[in-house]
Each structure stands twice: as C-alpha cells, then as structure tokens.
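> pasted the sequence and its predicted model underneath.
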2 protein chains.
Amino acid sequence: MMRTSLRRLAIMLWLAPGLALAANIPSTIRDDAKQLRQRALTESNAYAIVESLVLEAGPRLAGSKGDEAAVAWALLKLEELGFENVRAEDVEVPHWERGETRVEITAPFPHRLVATALGGSFGTDADGIEAPVLMVTNIAELEELPRSRVEGTIVFFNDRMEPTRDASSYSRVVRNRAYGPSAAARLGAVAAITRSAGTSSDRIAHTGSLRYADDAPRIPAAAISNPDANLLERQMQLQDVVTLSLSMTSRHLEPRRSANVIGELRGTDAADEIVLIGAHLDSWDLGQGAVDDGSGVAIAIEAVRQIREAGLRPRRTIRVVLYANEEFGVSGGKAYAEKYSDQVAQHVIGLEADLGPGKVWRFDVRVAAKALPLVEEMHKLIEPLGIARGNNEAYGGADLVAMRDLGMPVLGPRQDASLYFEVHHTVNDTLDKISREGLDQNVATYAVLTYLAAAIEQDFGRLPPPDSE
Amino acid sequence: MMRTSLRRLAIMLWLAPGLALAANIPSTIRDDAKQLRQRALTESNAYAIVESLVLEAGPRLAGSKGDEAAVAWALLKLEELGFENVRAEDVEVPHWERGETRVEITAPFPHRLVATALGGSFGTDADGIEAPVLMVTNIAELEELPRSRVEGTIVFFNDRMEPTRDASSYSRVVRNRAYGPSAAARLGAVAAITRSAGTSSDRIAHTGSLRYADDAPRIPAAAISNPDANLLERQMQLQDVVTLSLSMTSRHLEPRRSANVIGELRGTDAADEIVLIGAHLDSWDLGQGAVDDGSGVAIAIEAVRQIREAGLRPRRTIRVVLYANEEFGVSGGKAYAEKYSDQVAQHVIGLEADLGPGKVWRFDVRVAAKALPLVEEMHKLIEPLGIARGNNEAYGGADLVAMRDLGMPVLGPRQDASLYFEVHHTVNDTLDKISREGLDQNVATYAVLTYLAAAIEQDFGRLPPPDSE
C-alpha cells in the first residue's frame, strides 16, 4: 500500500509541468531507434509470417495435431530467420476436445441455435439435457435468486458486449463465461448457456475457457451466437416457459506434451540480461488463430528480425518466446516462470503481443517508479506511430503474469481492440481479418521498445510482490 | 423483334424532353396515394410481421416442418389482419434434406473447411470422395480444358463476388453454383466445390440450388465460405497438388404438399380484375429466412394492410400471394400460373418483393408501350421516397415469371442489394439484419404502387409471349 502511494507520488511529480529531467537514452541509440521504426513500417514481413503459420499449422488447440504442427513450424521458422539458440522447451498441456454441440429451443417455437461448447466444458449424456430456461444478465443477478428458482433450469447468461477500444466490455462479460457455469451449478442449474462474449452480429458462437469451481457440480456449458441469443431472449419475453435441449460430446483426455518455442538475438556485454518478447503459439480450434494469436507471433518474431536486419546487436539478449497453450490454462507462461525461477532477476523487462493486429494506441507499463522517466523517453520514440502515453498498471499479457508476479517489470503497448472481439475465439478468426497496416505499426512499436530495452544501460527496477499491491 | 423496336421507339419518344402528355391519374387518387405514402412510412407494422414469422415458423425449406408451420402462420396472420378470401392453395413441392457436409483439405496442409451442400445436391457414399483439386474461375474457363485435365478431380469454381447495388455480380457468379456441377461432371469431375456466391468475409457458406443437367452424372456439390476459398486458393498457388475430401449426407425424399397462401382486399366495380402482389413464404434451411424472404412477406402484407387501414377500397381486387417453395424450384409461382391460366387476362399487373429490405432505389417495369406514360405518373408518386425511374425490362421476381410469360405485365421496384448478399442463403439471414427504415420505405413504395394500380381505370396492356422478345 505504502509503496503504491509513493509510486503515485512519483508519477505525479514526473507529470508536473516544467519539471526538467536529464535525458537517459543516448542519442546514438535514439537515432538507431528512429531508423528502426521507419524500417519496420516499410519492410515488415509480418504478414507473410502469420500467413505461413495459419496455412501450414492451422488451428492449434493445445494437444491437437495443429499444436504439434505449430511447434514444428515455429522451430523451423526461427531457424530460417536466423535466430540463435532456437529450442523447444517441453510443456505439459491439458487436452480437451470440443466434439459436437447441439442446442435447440424445443418450446414454444422450435429453433436450432448456433452454439459451441465453452472450452473445458464436460459433455452431456448421450440423451442430452432438456430443461426450462432461466434468463439472467450476469452472476450477480443470478445470485440474488432463491435456489428454488434456479434448480433444474438451464441458466442463460444474457449480457450484450459492446465494442470498446480498451477491451473493457470483454472484461465484464467474460465473467459470465468463466465463472457463470459454476455459479449456476451451485444453485442447482443443470446446464449453462452464455450469449457469446463477442461483438459480432454473425451467426457464430464465441468459445473460450470456463473455470469450474471446486464447490459446484461440473455442468455442461455452451455459448450461443448473438442473433441466437436475441431469438431466445425474444421468446422469453413473449412466453412464460421456454425450454431448451442441449447435447454435447466434448471431453477431457490425457494431458499431452507441447512446447514453448524460443529463439534469441544474443546480447554483447550484457548477454545474460534478458529482454523477453513473446506471444502465444496455440489457438482455439474454431478459427485459424490468425488474429489470436498468429498476429502476435508475427509481431514478436518480426520485431526482433527487424532489429537484426537493421544491423543492430544490442548489449542485452533479446529472447522471443512463443508460449504453449495460453488459451486453455496459460501452461506455457507458467512453465516458463517455473523453469527460469532462479533467473527472474536477469529478466530486465517483458512484453507480449496478444490483442490482435489493431494499431497500438496507448503505451502502458508496469515498472519501478525510478524507471518512469526512462519510459517517458521511450514513449517519445513511438509517439510518432500515433501512440499516447498510458498508466503504470499494465497487464502485460497472460503469459507474462507468472514472471510479473515474481518481480519482472513489463511494457504494455495496447492494441485497439474495437474490431478484435468481432472475430476473437470464433471460426471467423482468419487471415483476411488482419490489416497489414495495423500489423506493421505493431511491428514498429515492438521493435523500437525491444531494441531500446536491450540497448540501454538502465533497467526498469523490480516490481513488488503481488500481495503488497 | 419488330415489337421490341417499336417499344424502344415509344420509350424514346416519351423520354424526349418537352413532350407534353395528358395526366392519367385523377388528382383524388394522387392525393390518396400521397397520404398513403406518408402513413405507410410512419405507421408500418412490417417489422413485427417478419419478426413473428421468423420467431414462430423459423427456417422453412419446402417440405420441412418449418414450411408447414409457415403456412399455418400465414393463414392465421392474414385472417388476423383482416384480409378477405384467405386460403391455402395446394402446391406439390420437392423435398430435400441438407444433412451434414464435411469438406477438408487433406494435403499438403490439412484444414477443415466451412462448407454446405448446394441445394439439391446428392450426397456422397459413406466413404466420401477424396481427389485432387482443379481450380477454375468459371464454367467458360473449365470448358477450355481437355477432359484429361478434369477427369477424376474435384473442380473448384473460384469466382469472387463483389457487392453491387443491382445484384449484377450475383447474376455472374451464381452460374457457377447452378450450372458448374454439371459442367464439371460432363468432363469427368467427381465433385464440385464453389466459392460462396455471396460477399461476406464471414466463415459461413452460401447455399442455393444447383441445376443438374440431363446429360451429365449428378455429382455432389458444396459451397465453401470466402475465407476458406481464400485458404484453398492460397494452397493451390503454393503447391502443385492439393487434395480435398468431401463427405455429404444430403438426400432427396418424396415430394410433399405445401401451399400458396392467399388473402385479398376485394375490389368494388372491377373486383374481377386483379392486382397481384406477393413474396415467397419458404426460405432456405440455414438462416431464419428473415431477409429472404421474410422481409418480402412483411412488405407485401403490410403494403395492403396500409391501404385498407387508410380507408381505401380500390376498384380492383388486390391479391396477396405468399408463394410456396421459390428457393428450390419456384413451385408456387408455377402452380399459381397453372391454376389461374384461364384468368391471366384478369391479372392487370403483378409485383413481388424478393430482394430483401434494402431501400428501393429504382423503379423498373415491364408493361405495354401504351402504359409507359402512366408508369411515369406513378413514378412521380414514389419519387419522394428516393426512387429513380428505370427501364421497361423488369424481371419482376421469380414467382411472377410464369405469369409474366403468359402476358401479365409487372412492376419491378428494385431494392438496393449492396448488403443483401452479405447474408443471403446463409445462417446469417436473421432478424437483426433487417433495417426497419429500409423495410418501411419498401412498404410505402409497394403500398403506393399497388393502390394506384388497383384504383385507376387504365391498365398496363399485355406483354408479348417470351419467344418474340
């Protein structure tokens, strides 16, 4: 608490107008960064990288054949592009199969709905489930109801998601998907249905993982598309009782081996200090994983390739990590932190690209207060890309959370998420949804930040342990 | 030929500037039409009608349960809204079931594609088909190839459809869907795949009927979504041989009974003369049939209801026909023409709404030359709705073709089709795709035209038989 207040004070002081501070980044490095920025914008090969990934590996859910193909692809690609110390580091991943999902309104007016299992859901018996529907907006509304109202029903979480640049609406509705099924089960529901946690008006359902709680039965759960949710909602407005049938064959299998795939640009006089840049290699099974997170994979790889192609060889080692299984339990991020737990202090900074190819519009960070002046200087070098300076509370990315909680500071360039949730976790996550312009602005941003972090003398301090936040 | 030239001359004369012609429509009728136009724009109930149809009957492919439900719905709705002589007239319809469609690229890079059977396609054996792919743009390109190139392949018709207001791009690409499979089979292909005949970049496949020719084997045929077509195309650009597997369970069943559902606003002193307004009641099975042709059903019903609600009772009978099975063989339109073949001369004019709820932007007609001055006057009364005057070569609508070929003239208000082919014949054809504003502009247009045609003394002449065109 104390520490946070001090940090706030430091930020306020820093932001006070007219306050003069010494420049921290040498002009040669700044000049190199400017050239790199320009080069990355015009000579980026990122689109070809994501195209190659989605074409050759395709969808790559943890434990699937596509996942295997993606690991092989990544090793080959990093070698081919001249990375050093290219390697795959084993990660155990859960293995779940979606199977078939069939959801129908059975009364009063029968309709088959477009639906898909939530990631990790158990299936139904072969006979399926048929029960009356209980419609609520969210978990809070559900939990105000007496058990007698919920028992034996299929709970329909019906919260609409509006497009937002900062993904805040997703943070709200995703709670229904993640925690709704157990909240419903705790009150006796037999299954749960969620309105898709996405903004699309297409007849496609959004998947994503649920989190079964230990104190509730593990009931089956599926998402239905927004137009189907509208239809169900309308029937419920007009009729006293609406019944739904649900049949799902999804199932959990034995865990499998996957891998974090790693490549480096070795540093010079501080080669044991690491600037960590990454994205996740896995994807959901429905789409091609082009946007989530093929674009991030391409951004991370290409940003570092641009640094090398520009003839730059910074003093710190730049390590690209393509994480295993972010989507279904963040296995790769956790495994990395475990494997390198004795080298956390050598990780000067981390960054990840995992919010699609929308242009970066704000530069958040989470660094020690002493490093904030440095961050401001770094920001000046990406500001021409249309990027505003943000806060010191960056999330950083799901795969960095474990390292961040061990003290590693993070840089958090924020992608414009306005279009991201049109396709995120759906069949529509395909190559054609990627804007080259957005992708390359990301490459330039990540290249400059990564280069600067690796080239300078200064560090970003360490973060307090999470419990003191 | 002679007749056409004379008609052209008549049009040219009419269009000659400064040519004065006597007004044909009495001012009382014109005043009523103006009030009707305003009333229909502001008090339209069309959205509620299409909502009720898609909610209560849902998708309604000929011969399906939804089709039955739609006939029952229509009878009830027309009665409820005060139509006269409400009746269902039996129509025999073909009965086809889509079943499951599974299309996969099997080599070099395996991908499951989003696909759906073309309407009327036969299925495959249980083992499916696996064969190398031959990619062509269209039938003409295919037919330039030697049989040896085509034999044993799966032909992939890969013509991209761009959005157009006048639906002209659809007219081009739909030939691949309708006639491509037989063209491929004639050269020895084992199956056919078409890029979806739609403009959507969603991962949804567009269905629609194919026409098997008598002189070719009836090979299975499916459409793949545009993003999937991109993926297949890209693999073919990069690789010498791409193989595809196709498995389909679609099948033809025994014909069933469906019905044209009819309701009237009886005329006064010319009650035996008929102004025919309609839309088709059936839809494809994938979506809700909201746009195609729920919107047309609502436009036709509501246009006539508005006339009655305005207290108008024109001299001719206005007959609303909701046709059976347009999508899969135009059964209803043909049955109507057969049943009323001895009363064709009493059908003063026909119009249909079957291009979605986009605003009418042009007013085409197909009438005798003598009626063109009358048409110009009618146009003046819908011009304030933003509608330009078009040609004398209106199509009229699929369900009117049989009557038109027997001499019935048609009015052809043309809907803006720019968005229509985003959802047409796909799962995305749902209620939320309907713009109320567009729908109500259609209601106003159809109400005014229908009222005028029924209220005036003049007629529109007769059309020449099609072979003399």
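Thanks, I have it. Bear in mind that the values here come from a model prediction, so they are computed numbers and not experimental data.

> residue A:53 contacts residue A:300, doesn't it?
No - Residue A:53 is beyond contact range of residue A:300, at 11.9 Å (criterion: Cβ atoms under 8 Å). For the C-beta atoms, the positions are set from N, CA and C on the backbone; glycine is no exception.

> what does the stretch 151-300 of chain A put close to chain B?
Applying Cβ under 8 Å from any Cβ of the partner chain, we find that the stretch 151-300 of chain A lies next to chain B at A:201-204, A:226-227, A:230-231, A:234-235, A:238, A:287-288.

> helix or strand right after the worst-scoring helix or strand of chain A on mean pLDDT?
Lowest by mean pLDDT, DSSP states H and E among the helices and strands of chain A is helix A:2-15, with a mean of 51. On the C-terminal side of helix A:2-15, the closest following helix or strand by DSSP states H and E is helix A:27-43.

> now that following helix: buried residues?
By 16 or more other Cβ atoms under 10 Å in any protein chain shown, the buried positions in helix A:27-43 come out as A:29, A:30, A:32, A:33, A:36, A:37, A:39, A:40, A:41.

> just curious, which of those is nearest to residue A:128?
Nearest to residue A:128 among the buried residues of helix A:27-43 is residue A:40, at 52.3 Å by Cβ to Cβ.

> residues in contact with that closest one?
Residues near residue A:40 by Cβ atoms under 8 Å, 6 or more residues apart in numbering or on different chains: A:302, A:303, A:306, A:440, A:443, A:444, A:447, A:448.

> which of these tops the neighbour count?
Using other Cβ atoms under 10 Å in any protein chain shown as the neighbour criterion, residue A:443 leads the contacts of residue A:40 with 31 neighbours.

> please identify which helix or strand holds that one.
Here residue A:443, judged by DSSP H and E, is contained in helix A:436-455.

> got the buried residues for that helix?
Under the neighbour-count criterion of 16+ other Cβ under 10 Å, helix A:436-455 has A:438-455 buried.

> which stretches of chain A form helices?
With DSSP state H as the criterion, chain A has helices at A:2-15, A:27-43, A:46-56, A:65-80, A:139-143, A:147-150, A:168-186, A:226-238, A:295-309, A:331-339, A:372-382, A:401-405, A:420-423, A:436-455.

> one step back: which among the residues of the stretch 151-300 of chain A next to chain B end up buried?
A:201, A:202, A:203, A:204, A:226, A:227, A:230, A:231, A:234, A:235, A:287, A:288.

> which pair in the residues of the stretch 151-300 of chain A next to chain B spans the largest distance?
Spatially, the most separated pair among these is A:238 and A:288, at 38.8 Å (Cβ to Cβ).

> can you list the domain ranges for chain A.
Split into domains by automatic domain parsing, chain A comes to A:2-96+A:254-468, A:99-249.

> ranking the helices of chain A by burial, who's on top?
Most buried of those, by mean neighbour count (mean count of other Cβ atoms under 10 Å in any protein chain shown): helix A:295-309, with a mean of 28.

> returning to that earlier point: now render the helices of chain A as a markdown table, adding distance to residue A:315.
A markdown table is the format used below for the helices of chain A (distance: least, Cβ to Cβ, whole Å):
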| stretch | distance to residue A:315 |
| --- | --- |
| helix A:2-15 | 26 |
| helix A:27-43 | 10 |
| helix A:46-56 | 26 |
| helix A:65-80 | 22 |
| helix A:139-143 | 49 |
| helix A:147-150 | 60 |
| helix A:168-186 | 38 |
| helix A:226-238 | 50 |
| helix A:295-309 | 13 |
| helix A:331-339 | 23 |
| helix A:372-382 | 15 |
| helix A:401-405 | 21 |
| helix A:420-423 | 35 |
| helix A:436-455 | 6 |
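
> out of these, the one nearest residue B:283 is which?
That would be helix A:226-238 among the helices of chain A, by Cβ to Cβ, at 14.8 Å.

> quick one: list the elements packing against that closest one.
Applying 3 or more Cβ pairs under 8 Å, 6 or more residues apart in numbering or on different chains; DSSP states H and E, we find helix A:226-238 packed against strand A:101-107, strand A:111-113, strand A:129-136, strand A:154-157, strand A:191-195, helix B:46-56.

> for my notes, please list the ones you listed in JSON lines and give distance to residue A:88 for each entry.
Listed next are the helices and strands packed on helix A:226-238 as JSON lines, based on distance: least, Cβ to Cβ, whole Å:
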{"stretch": "strand A:101-107", "distance to residue A:88": "33"}
{"stretch": "strand A:111-113", "distance to residue A:88": "41"}
{"stretch": "strand A:129-136", "distance to residue A:88": "41"}
{"stretch": "strand A:154-157", "distance to residue A:88": "39"}
{"stretch": "strand A:191-195", "distance to residue A:88": "35"}
{"stretch": "helix B:46-56", "distance to residue A:88": "51"}
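
> would you turn these into a markdown table with mean pLDDT?
What follows is the helices and strands packed on helix A:226-238, written out as a markdown table (pLDDT from 0 to 100):
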| stretch | mean pLDDT |
| --- | --- |
| strand A:101-107 | 97 |
| strand A:111-113 | 97 |
| strand A:129-136 | 98 |
| strand A:154-157 | 98 |
| strand A:191-195 | 98 |
| helix B:46-56 | 97 |
